[in-house]
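1. sequence first, predicted coordinates after that:
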Amino acid sequence: MSSRISVRMCALAAALFAGACKENPTADLAGKPQTVFINPGTIFLNEGDSINVILKVLDQAGTPLQGAVQATSTAPTVASVTPAAGILPDPTHTTTVYNVKALMTGAADLMATGQGLTDSARINVMPLAFTGGGALGLISTFSTESLVVITPFSSPGSLTISDISVSYVQGKTITLPTTVRVTQTGDVWGTGDTSYATAPALTIPAVNDSVHMVTDLKPGTGDKATNCAEWGAAGPPNFSVGPCVIYKFTVPGPDSLNLLFRVDWPDDATDIDVYVCHGTLPIDPGATGTCFESGGTGASGRKPEYLRMPLVNNVRTPTAFKYPPGTHWFVIELYDVPVPDNIYVTIYRKP
């Protein structure tokens, strides 16, 4: 008997005799609101940029339910959250789209509410940018009197400050060239970040905050064979070309540390991999479970790379990962050339 005939006979039997065919074990999960789905789950924007965010309410089986989701910003002066314009109505009535616009440097939360449920997505408006010697840097803090900048690795050059908001013209930004010359004269870590044994400690942000740093890869000071060993055959394409840099962070416990790492670089042709290892020295990255602690999501061909960026409803969504108590090693390695002059790292901490 063919499978098609069997299915039809089973359906007919179920209609004539209750219980003749097995019931759907997930039927009782349908229709009960379980979670508010927000995509993307974590948002990074430069001042003046905007992005549309998709909102849905899902039942316990992961099926979207009909009904609108309302969204607001917890800091409307930092980022506005408004219904997206020019979006065609959803014929299934299960999807709501809001627009998030970055207004000034800082952090805000998109609060989404639907069918009695509430969830949030963090909005990170990136620091003001400047260029010195042709490279992009970051302004970490600023006031009406001063700027504190994270200087990129670059050639000497005049400082240009971009994305300056004009307070009396809504949405207006300007670029200000200056006569100040910025020269990168050294590395705050020296060569300490080229070895597990001497890895410098990362700055960990406060809860619901983020920190930024600029680093580089130092050709000639180390390669995968000496300080970034993994499993696999030596040499590209199965093996990265190196070098790498390594940083350390310790989770004192008893709670885990919920962190999201974002790593970016200027050259689209470059392939950078990032991952976190755990354990005590000496590290054996080839041991099962030692490295790729958050799932290996940062070892891909994407730019930027995230630790971590899992699939949520078949969409890659930046999501923090809980690192358990103990010592952890954050590794940035060059999988394939060219070598970028600067690598930009943002570390965001969730509750």
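-> Thanks, I have it.
2. tell me if I'm right that residue 63 and residue 34 touch.
-> No - contact criterion CB atoms under 8 Å: residue 63 and residue 34 do not qualify, at 9.5 Å. (Glycine included, C-beta is placed from N, CA and C.)
3. now the common contact residues for the two.
-> Counting by CB atoms under 8 Å, 6 or more residues apart in numbering, residue 63 and residue 34 have no shared contacts at all.
4. near residue 274, how many other residues are there?
-> 25 (other CB atoms under 10 Å).
5. so it is in which element?
-> Counting by DSSP states H and E, the element that carries residue 274 is strand 271-278.
6. direction included, what does that strand pair against?
-> Within its sheet, and counting by DSSP bridges, strand 271-278 is paired with strand 326-336 (antiparallel).
7. next SSE after the strand it pairs with?
-> According to DSSP H and E, the helix or strand after strand 326-336 is strand 343-350.
8. helices or strands up against that following strand?
-> strand 117-125, strand 210-215, strand 257-264 (3 or more CB pairs under 8 Å, 6 or more residues apart in numbering; DSSP states H and E).
9. so can I have TSV of those showing mean pLDDT?
-> As requested, the helices and strands packed on strand 343-350 are exported to TSV (pLDDT from 0 to 100):
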stretch	mean pLDDT
strand 117-125	91
strand 210-215	89
strand 257-264	95
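10. would you list these in a markdown table and tack on mean neighbour count and distance to residue 308?
-> Formatted as a markdown table, the helices and strands packed on strand 343-350 follow (neighbours: other CB atoms under 10 Å; distance: least, CB to CB, whole Å):
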| stretch | mean neighbour count | distance to residue 308 |
| --- | --- | --- |
| strand 117-125 | 20 | 15 |
| strand 210-215 | 18 | 16 |
| strand 257-264 | 21 | 7 |
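11. which one of those lies closest to residue 155?
-> Residue 155 sits nearest to strand 210-215 of all these, at 15.2 Å, using CB to CB.
12. where does the stretch 101-250 of the chain dip in pLDDT?
-> Across the stretch 101-250 of the chain, the ranges flagged by pLDDT under 70 are 127-128, 132, 142-144, 165-172, 185, 219-239.
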